Each structure stands twice: as structure tokens, then as C-alpha cells.
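Peer 1: any chance you could fold what I've pasted below:
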Amino acid sequence: MAVTKWVLDPAHTEITFKIRHLMIANVTGSFKKFNSEAETNGDDFGSAKVTFTAETASVTTNNEQRDTHLKSDDFFNAEKYPEIKFESTGLKKKNDDEYELEGKLTIRDVTKAIKLNVEAGGVVVDGYGQTKAGFSVAGKINRKDFGLNWNAVTEAGGIVVSDEVRMIIEVQYIKQ
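Peer 2: So this is what the prediction gives:
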């Protein structure tokens, strides 16, 4: 079967994350500059190979002071480590619309195996004749596993930032 290449449709893709602040509320962040490609056998995503990168300097939480801190050596060190990278190593079909995507995630200079839950939204041809495929992706990582160790304690002894980061990704690909 012929290999099909899919490229990211950035106008219809969101790369977001949530992390607990003061252990009472979530802060949402996103990356504004990213890229991804997928290769499939025909239109079957059941054997897809996926690569993804995000520019660390494009992180935003809608708070300039916090964004500057995230780009610093306390977190991403965007100057030294300009990209977050993901490369799939396997895809397991759970049912008709759900998969478990396994891969290697690299943040800073640390690479770890992770698993992500993927919900397939479907494949359609749009009004311009382009074939598009959509997916919702979710997962969790421990930021400290990737060298993002900064934290502080409040006067009352509470933790400022949780270790768990939840990823919420809405992605759309265009068939080439």
C-alpha cells in the first residue's frame, strides 16, 4: 500500500497545556509556533507515524511575566533548547475511534517515552477538495521528569506549581 503524507493545518490546530497553580486552579498555556507531519498506509491512521515540534519561545499563558519565566532556564530555556520534539514509536487501536499513541518526547535535553490518548474525529473532503483528518489528543507528563524543576513554596507552605502537566491538543492534518 502506498505511503500517504499528511501535513499540519495550523489554522485548525491548538497545542495547549494546563497546570495547577497554588493547587487550587489551573493555568492554561499554549504554543503558537509548531509543526507536525504524519505518514500513513493509504488513509488508514491505524499505523501512522507522527512527528511534532513546538518552538519553546512561542509559549504563551496570556501573562507576559509568566511567559518570560517559562522561557528562562527555570523552565524551557528557550535560547538553549528552542524546540520540544515528539516522535511516535507505536499506535495501538482501542476501538473504532480511539487509539493510544506511544512515542518519545524531548523537552530540554531529556527524552522520555510517553503515551497519549487519541480520539479520531474522522476524515473528510472540504469545500476546496482537500482531504482533512482531525484528532483530539490528551495526555499527562511529570514536568520534573524533563528537567523542569523550578518551584517555590508559599508563606503558608503550599506549592506554587504542580508537577503534573496535562496536554490537550486539537489537530487537523491535510493529505498531500
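
Peer 1: can you pull the contacts of residue 142?
Peer 2: Taking C-beta atoms under 8 Å, 6 or more residues apart in numbering, we find residue 142 in contact with 163, 164, 165. Any C-beta I mention is one placed from the backbone N, CA and C, and that applies to glycine too.

Peer 1: residue 166 now?
Peer 2: Residue 166 sits in contact with 17, 18, 19, 138, 139, 140, where contact means C-beta under 8 Å, 6+ apart.

Peer 1: doesn't the third one lie inside a strand?
Peer 2: Yes. The assignment for residue 19 (DSSP: H, G, I helix; E, B strand; the rest coil) places it in a strand.

Peer 1: is it correct that it is in contact with residue 29?
Peer 2: Yes. Counting by C-beta atoms under 8 Å, residue 29 is a contact partner of residue 19 at 7.5 Å.

Peer 1: residue ranges of the strands in this structure, please?
Peer 2: 3-8, 14-21, 25-31, 34-41, 44-55, 59-60, 83-93, 98-107, 110-125, 131-142, 161-175 (DSSP state E).

Peer 1: go through the ones you listed and name the closest to residue 75.
Peer 2: strand 59-60 (8.5 Å; C-beta to C-beta).

Peer 1: tell me the strands beside that closest one, with direction?
Peer 2: strand 25-31 (antiparallel) (DSSP bridges).

Peer 1: the partner strand: which residues count as buried?
Peer 2: Across strand 25-31, burial judged by 16 or more other C-beta atoms under 10 Å covers 27, 29, 30, 31.

Peer 1: run through who's touching it.
Peer 2: Taking C-beta under 8 Å, 6+ apart as the rule, strand 25-31 contacts 14-21, 54-56, 58-61, 66, 70, 84.

Peer 1: now with 7 Å?
Peer 2: Outside strand 25-31, the residues that touch it by C-beta atoms under 7 Å, 6 or more residues apart in numbering are 14-21, 54-55, 58-61.
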